[in-house]
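A.B. asks: The following block contains a protein sequence and its predicted model.
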Amino acid sequence: MTTERPLLRMTGIVKTFPGVRALDGVDIEVRAAEVHCLLGQNGAGKSTLIKVLAGAHQPDSGVIELRGEPVTLSSPSAALRAGVATMYQELDLVPWLSVAENVFLGAERSRFGFSRRRSTRAVARELLGRLGHPEIDPAAPVAALPPAAQQLVSMARALAHEASIIVMDEPTAALAGDEVENLFRVIGDLTADGVSVVYISHRLEEIRRIGHRVTVLKDGRTVATDLDARATPTRELTSLMTGRVLEGAFPDRAEPAGDLEPLLRVEGLTRHGEFAGVTFDVRPGEVLGIAGLVGSGRSEVLETVAGARRPDAGTITVDGRRLRPGSVPAAVRAGVGLAPEERKSQGLVLGMSVTHNLTLATLRRFAGAGLVRHREELRAARALTEKLQLRPADPRRLVRTLSGGNQQKVVVGRWLLRDARVLLLDEPTRGVDVGARAEMYRLIRELADSGVAVVVVSSEVPEVLGLADRVLVMREGHVIGEAAAGDLTEADVLDMVMEGSVAVTEESLP
Amino acid sequence: MSAPTVTGAPVKDPERKRDNGSGWFTVDGRMLALLGVLVAICVVGYVTRPDAFLTQSNISTMLRLAAAIGVVSVGMTFVIIGGGIDLSVGSIVALCSVWMTTLATQSYGPGVMILCAVAVGAGCGLVNGLLIAYGRMVPFIATLAMYVSARGLAERISNGQTQVVRETGFTTPLRGSLLGVPVLIWIFAAVVLIGWIVLQRTTFGRRTLAVGGNPEAARLAGIDVRRHTALLYVIAGVCCGIAAILVVARTTSGASTNGQLYELDAIAAVVIGGTLLAGGRGSLVGTLIGVLIFTVVGNVFTLNNLETDIQNIAKGAIIVVAVLFQSLRVRRTRAASGRPAGVPTPAA
């Protein structure tokens, strides 16, 4: 086996972005006809690596060899010509074009400038048949197909380019159970035909089912390669992925909140297709962390508590009073504030000043008979700017011109001004640089110490563990574990997130 | 984008990185440029017709002509800043003018006529607003439907006839003057002033900017975005009702042909005035100057006996130049505001 020449070999790949070294010397070897799995936590460099492989990013240094020959993948089309096709997480299809047109997008078959619809459709049909789905109509618009079928179209496109390597980024994230089975069968057929698959997934059971070998990334480096996908123990895999250095010191926790009555109580909260039976409570002064993968339902739960989504079942109680479901104004009046996941598209009005963004939920306080008292408003914004250590410390600046960390402070500051008692923070440090991260952690802890009940959702397991008093683990819409942050290790949480092993306590028993 | 400071501290930032509107005074490069254009056109008018242009009667004629379209443009400014568009304003003006001048309405006297115009305008605006905010229709389509049907209804009510106003209680005071200035111009000025105060100084105005700038952020901050959106169209409708009163007073008649192409003139004035068609930013002072530019251009051309076709070509050119100039400015501001938009954030 070891003498076999690899189909793809990447050595010493380095890719830096302003301020970040996303890839810091990655080595990976993919053999012909294997399913090679890529494992790593959020921020480990997986996405950047596959973008390099897809020709979307150019590495700063390092060598890519295909079949022993060094190649330069200067653009996505160059990568396709070299035989590397990538299926991204968000499907990259044109919804109103037909299946066949999508399959040949960018490589349209034509004669004298006229598209050859008949032969295009015939070839598309043949490819779909090879993927085990001759029933997909090549003339149907892609938008009319279910997600699983769209994925097959994406795969047919890879085959149409005669790809020898197909990169799949979390292909099962959007699929239901039987569709996953079909995907695995197709992957089996592909490898039987000699095609290699680079498979990225957080779900260990999938890797064990279809994977051959595993490469583990951490902090932009290869930490292990050539691991047997089936035989390597879970503990070994997760411990390879953990111990990531997360910069930014965590402030000390206060004494446990003790036997205070919960301020926020969520019971049996359900939204069909998103999450079910979510129950938790948060006491004043407590920080509850929610860990889980993207798509585990964590953001949806937060938005539902904030009234932005209407639950199908369950109750939300703040300070003993039931909240009217699906109403943001009602939640805001009860003292609930949400700092949403997408800061720019959901959190801020970028064209307005810092002041106006800060007072967006509190305007009435600065108004008499509908007229805004600007002086008073600005004074309040000034005071808050100082408290948040906003830089530059000018509340009249447009919020668009602030850095990510300072923008995040504005979103949180809005609820400070409102004296929110329940603060829901979705990925509060995403896109925030190291210094601002530490400040954000300190701010969150200060808020909790002042009696606010805080819920923090984060993809960064070390962040959840460092910041929270108590941790909830979500997976596929369910809460699968809850424990004091001090009783959990990063590997415990990762195990649960990836494999769904329910009880931490059992695992930590001798 | 008036550029304003609340404290009166000098704005040192030429890049306009700061605030977007909340002070009493509007000193802003773009406004000055617009004002410059207006003055230049006036100079052309004075040079070509020194005998007629700057006379009191000509100025009064211009402003009375500008009044109706100006009032409509105030409503349009609110709708556009709030992220929408209203194509139906001209038809609503026609419907209001017809409804308030039917024999039946006139028989109740001037008060009811005025009330009727405002109520019909508000009603049409409410229908627009409900369809858009709660029926989730695209503003372009919902108001297009109103555009067609309101004028249809106006024709039906008036039977295609021009309805002359015989109620002197209505015409006499509205066609008169107050302190030497025609009442029509007073009304125009009052609507602009009220609109400006609402936009710049009230919570409603602030919310309009927020809803237009980022509806999702506004919603998550607890603002009832749907109700607010609906209200914006009601405001536009009320403005149409007031405009109809002005038109009827000026022409002493109501007809289903009133208000033709008002929607395009109003949108053009708003856009020239520096309001972003995408919403979230805008200025009523700019809209006012935009309306005046169009009116004065028309007047200068008429005084010089130039045909309306040439006027229209000139108006088109003004729109293009103004918008090109503004998009250039926006790009420069963006470029100057620091961080490039597309810094890739690596995530794995």
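C.D. replies: Cool, got the structure. Numbers count the residues shown, from 1 in each chain, chains lettered A, B, ... in the order given.
A.B. asks: Need the three-state assignment for the spatially closest residue to residue A:481 that is not a sequence neighbour.
C.D. replies: Distances taken as CB to CB, 6 or more residues apart in numbering or on different chains put residue A:473 closest to residue A:481, at 4.0 Å, once the chain neighbours are dropped. For glycine as for every other residue, the C-beta is placed from the backbone atoms N, C-alpha and C. With DSSP: H, G, I helix; E, B strand; the rest coil as the basis, residue A:473 sits in strand.
A.B. asks: Can you tell me how far residue A:473 is from residue A:462?
C.D. replies: Separation of residue A:473 from residue A:462 (CB to CB, to the nearest Å): 14 Å.
A.B. asks: When those two are compared, which one has more neighbours?
C.D. replies: Comparing residue A:473 with residue A:462 by other CB atoms under 10 Å in any protein chain shown, the one with more neighbours is residue A:473, at 28 against 18.
A.B. asks: if we can go back for a sec, the residue nearest to residue A:481 and residue A:490 touch, don't they?
C.D. replies: No: counting by CB atoms under 8 Å, residue A:473 does not reach residue A:490; the two are 12.0 Å apart.
A.B. asks: Okay, and residue A:496 sits in which element?
C.D. replies: helix A:490-499 (DSSP states H and E).
A.B. asks: Correction: the previous question concerned residue A:183.
C.D. replies: helix A:177-192.
A.B. asks: Quick one: mean pLDDT for that helix?
C.D. replies: Average pLDDT, helix A:177-192: 85.
A.B. asks: residue ranges of the strands in the stretch 101-250 of chain A, please?
C.D. replies: Assigned by DSSP state E, counting those that start in this stretch, the stretch 101-250 of chain A shows strands spanning A:110-111, A:114-115, A:165-169, A:196-200, A:213-218, A:221-228.
A.B. asks: Likewise for chain B?
C.D. replies: In chain B, strands defined by DSSP state E lie at B:163-164, B:177-178, B:181-182, B:253-254, listed in chain order.
A.B. asks: which one's the longest helix in chain B?
C.D. replies: helix B:308-336 (DSSP state H).
A.B. asks: That one close to chain A?
C.D. replies: No: no part of helix B:308-336 sits near chain A under the criterion CB under 8 Å from any CB of the partner chain; the closest distance found is 8.5 Å.
A.B. asks: Would you mark the buried spots in that helix?
C.D. replies: B:311, B:314, B:315, B:318, B:319, B:322, B:326, B:333 (16 or more other CB atoms under 10 Å in any protein chain shown).
A.B. asks: Redo the residues you listed as a markdown table? Include distance to residue A:24.
C.D. replies: Listed next are the buried residues of helix B:308-336 as a markdown table, based on distance: CB to CB, whole Å:
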| residue | distance to residue A:24 |
| --- | --- |
| B:311 | 66 |
| B:314 | 62 |
| B:315 | 60 |
| B:318 | 57 |
| B:319 | 54 |
| B:322 | 51 |
| B:326 | 45 |
| B:333 | 37 |
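A.B. asks: So for the chain, the centremost residue is which one?
C.D. replies: The chain I'm using is chain A. residue A:294 (4.0 Å; CA atoms, centre = their mean).
A.B. asks: hm, I was asking about chain B
C.D. replies: residue B:73 (0.9 Å).
A.B. asks: residue contacts, that one?
C.D. replies: Residue B:73 sits next to B:265, B:266, B:269, B:270, B:287, B:288, B:290, B:291 when contact means CB atoms under 8 Å, 6 or more residues apart in numbering or on different chains.
A.B. asks: Reformat those residues as a markdown table; add distance to chain A.
C.D. replies: As requested, these are exported to a markdown table (distance: CB to the nearest CB, whole Å):
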| residue | distance to chain A |
| --- | --- |
| B:265 | 26 |
| B:266 | 23 |
| B:269 | 21 |
| B:270 | 17 |
| B:287 | 18 |
| B:288 | 21 |
| B:290 | 20 |
| B:291 | 24 |
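A.B. asks: circling back to that earlier point, helix, strand or coil for the residue nearest to the centre of chain A?
C.D. replies: Relying on three-state DSSP, one would call residue A:294 coil.
A.B. asks: Wait, it touches residue A:458, no?
C.D. replies: No: with contact defined as CB under 8 Å, residue A:294 does not count as touching residue A:458 (11.2 Å).
A.B. asks: pull the helix or strand with minimum mean pLDDT from the chain.
C.D. replies: I'll assume chain A. helix A:504-508 (a mean of 37; mean pLDDT, DSSP states H and E).
A.B. asks: Report the inter-axis angle for the helix holding residue A:183 versus strand A:165-169.
C.D. replies: Relative orientation of helix A:177-192 versus strand A:165-169 (axes from the mean of the first three to the mean of the last three CA atoms, to 10 degrees): 160 degrees.
A.B. asks: Does anything pack onto helix A:177-192? Which helices or strands?
C.D. replies: Applying 3 or more CB pairs under 8 Å, 6 or more residues apart in numbering or on different chains; DSSP states H and E, we find helix A:177-192 packed against helix A:147-160, strand A:196-200, helix A:204-210.
A.B. asks: tell me which parts of the stretch 51-200 of chain B are close to chain A?
C.D. replies: residue B:197.
A.B. asks: in the stretch 51-200 of chain B, which spans are helices?
C.D. replies: B:56-81, B:89-99, B:103-107, B:110-133, B:139-158, B:168-175, B:183-201 (DSSP state H, counting those that start in this stretch).
A.B. asks: So which of those is the most surrounded?
C.D. replies: helix B:89-99 (a mean of 31; mean count of other CB atoms under 10 Å in any protein chain shown).
A.B. asks: Using PDB, write out every CA atom in that helix.
C.D. replies: In PDB, the C-alpha atoms belonging to helix B:89-99 read as follows (Å, rounded to 0.1, in the frame of the first residue of the first chain):
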ATOM      1  CA  VAL B  89     -49.200  58.500  -6.200                       C
ATOM      2  CA  GLY B  90     -50.300  60.200  -9.500                       C
ATOM      3  CA  SER B  91     -53.400  58.000  -9.700                       C
ATOM      4  CA  ILE B  92     -54.200  58.600  -6.000                       C
ATOM      5  CA  VAL B  93     -54.000  62.300  -6.600                       C
ATOM      6  CA  ALA B  94     -56.500  61.900  -9.500                       C
ATOM      7  CA  LEU B  95     -58.900  59.800  -7.500                       C
ATOM      8  CA  CYS B  96     -58.800  62.200  -4.500                       C
ATOM      9  CA  SER B  97     -59.400  65.200  -6.800                       C
ATOM     10  CA  VAL B  98     -62.400  63.500  -8.400                       C
ATOM     11  CA  TRP B  99     -63.800  62.200  -5.200                       C
END
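A.B. asks: Residue A:185 is nearest to which of the strands of chain B?
C.D. replies: strand B:253-254 (73.5 Å; CB to CB).
A.B. asks: Any stretches of the stretch 1-150 of chain A with poor pLDDT?
C.D. replies: A:1-4, A:19, A:91, A:108-115 (pLDDT under 70).
A.B. asks: That one: helices as residue ranges?
C.D. replies: A:46-53, A:76-81, A:99-103, A:117-130, A:147-160.
A.B. asks: Please name whichever of those is nearest to chain B.
C.D. replies: Of all the helices of the stretch 1-150 of chain A, it is helix A:46-53 that lies closest to chain B, at 4.1 Å by CB to the nearest CB.
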